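Participant: Test case, fold it:
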Amino acid sequence: MLPLGIEYELTREDLSRMTGLLVLEFGASWCGICRAFAPELASLLREFPEVMHRKVEDGKGNPLGRSFRVNLWSTFLFLKDGHVLERLVRPDADEARAALNRLTQVAGSSGPDFAEAADDSRSH
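Facilitator: A predicted model of the protein is given here:
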């Protein structure tokens, strides 16, 4: 049985069609670092109900993880309307909270995104 809430077939095309704010988490169900951070992440996400969260079960040969050059778990991408604005690798709670704050501030602004250059996730 597959763990609930984990994406196995999400594609870059799917992401490009998504609207709104999204935290995309790459990890593995057996990853100790991922599992240890999960309760803190869940608590943080409750503070930001406007942000969707999707987990991707990553692994050898996963095309989505490879397309974002995921090398370590857990890796988090912060997206607005399908565009990557920020990337964090193995963040602590304070770093994740700061990124969520930046993401939600971008949602309310009509100016340029806070990490416009980060739109191409390969630059990270």
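
Participant: Would you map the helices across this structure?
Facilitator: Secondary structure of the chain (DSSP state H): helices at 12-17, 32-47, 63-67, 93-107.

Participant: just for the protein, where's the confidence low?
Facilitator: Applying pLDDT under 70 to the chain flags the ranges 1-8, 109-124.

Participant: Show me what the residue most central in space within the chain is bridged to.
Facilitator: Closest to where the C-alpha atoms of the chain average out (CA atoms, centre = their mean) is Leu24, at 2.4 Å. On the basis of DSSP bridges, Leu24 is bridged to Arg54, Leu77.

Participant: quick one: it from Arg46, how far?
Facilitator: 18 Å (CB to CB, to the nearest Å). Heads up, the C-betas are built off the backbone N, CA and C, glycines and all.

Participant: same deal with Thr19?
Facilitator: From Thr19 to Arg46 the distance is 22 Å (CB to CB).

Participant: for Glu95, same thing?
Facilitator: In terms of CB to CB, Glu95 sits 18 Å off from Arg46.

Participant: Could you give the number of residues near Leu64?
Facilitator: Neighbour count of Leu64, defined by other CB atoms under 10 Å: 20.

Participant: Repeat that for the one 3 residues further on.
Facilitator: Other residues lying near Ser67 total 13 when counted by other CB under 10 Å.

Participant: Skipping adjacent residues, who's closest to it in space?
Facilitator: In space, and not counting its chain neighbours, Ser67 is closest to Arg12: 5.5 Å by CB to CB, 6 or more residues apart in numbering.

Participant: May I ask you to confirm that that neighbour is in contact with Arg66?
Facilitator: No - counting by CB atoms under 8 Å, Arg12 does not reach Arg66; the two are 10.5 Å apart.
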